[in-house]
Each structure stands twice: as C-alpha cells, then as structure tokens.
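Asks: coordinates only, sequence not included:
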C-alpha cells in the first residue's frame, strides 16, 4: 500500500497528459468498475461523405444511463439537422443497450438551446470563466419512455 508521506512516493503534474498515462488511469478505473460490475460500453456513430468524416458522436452506456461524450458536425453543415439525427441514433443505440435515461453536458458558448429541443432538461450548472468572459457548463438529462 502506498502512503502519501513516503519519501519514495511523489505527486507529479503532467501537462500535456501523455497518452500512456491517460490510458493507464482509464484502464485502472475500468478494471475497478468491472470488478464492481459497473460496466461501461463505449461507442461512436459517425457520418461520412465521400470517405471523409463530416460529423460524429461519442457515447457510452453505464449503469443503464446513456452518456453523450462529444457531438461534432463540420462547420459548413451545422444547423442542417445532422446533429439531431446523430443524437437520435445515439439514443436508439443507448436504448438497445438497456439505457433508461441519457445525460449530456455543454457550455453556454456551445449548444445550450439544442438539447432542450430534443427533450432534455437541465439539471445542473456551474459558472466559470474562459478567455476573460463568463462561461457556464450545463448538464442535461432525458428520461426514456418505457417500451410496453
């Protein structure tokens, strides 16, 4: 067992985070969660055109909740409905994986009006600053209707 006041052990700040460190931390947490039967099933849905990636969404299902990671649509294609279609596809995949609800977060400078249009309800907000201006991080949730 490691002790914090052991002179052999030390804290180290890494910036940027080396990919092998991020992987080791993630793998360690995943191993612990799996031993506690908390599984995380990650997936991505992408939209390609002429072989190029033009939009995509990353997500995972854990303890029956769909967690939306990142939603991206190429700038030239925004406001054309692709984001809505990707969200619907992710929700469908989440339900297929037994999710009963979904959770997503965004910044007040990104898409705070998008998610309520899809039936998401705000459940948390924290204020901060970026580039000298106020920015909120906002969390939304959506309960899925039970299938009869």
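Replies: Now that the structure is in, tell me what you want to look at. Quick caveat, the model's predicted, so the values are computed rather than measured. Numbers count the residues shown, from 1 in each chain.
Asks: any idea how far the residue nearest to the spatial centre of the chain is from residue 57?
Replies: The centre of the chain sits closest to residue 69, judged by Cα atoms, centre = their mean, with a distance of 1.8 Å. Separation of residue 69 from residue 57 (Cβ to Cβ, to the nearest Å) stands at 8 Å. For every residue, glycine as well, the C-beta is placed using N, CA and C.
Asks: which residues do the two both contact?
Replies: Taking Cβ atoms under 8 Å, 6 or more residues apart in numbering as the contact definition, residue 69 and residue 57 share no neighbouring residue.
Asks: How about the closest residue to residue 30 other than its chain neighbours: which residues does it bridge to?
Replies: Leaving aside its sequence neighbours, residue 30 sits nearest to residue 40 (Cβ to Cβ, 6 or more residues apart in numbering; 6.5 Å). Bridge pairing for residue 40 (DSSP bridges) gives the partners residue 62.
Asks: Equivalent analysis for the one 4 residues further on, please.
Replies: With DSSP bridges applied, the residues forming beta bridges to residue 44 are residue 58.
Asks: how many neighbours does it have?
Replies: Residue 44 has 14 neighbours, counted by other Cβ atoms under 10 Å.
Asks: swap in residue 86?
Replies: So residue 86, with other Cβ under 10 Å, has 22 neighbours.
Asks: try the one 5 residues further on
Replies: The local packing of residue 91 (other Cβ under 10 Å) involves 19 other residues.
Asks: you'd agree it is in a strand?
Replies: No: looking at residue 91 with DSSP: H, G, I helix; E, B strand; the rest coil, it is helix, so not inside a strand.
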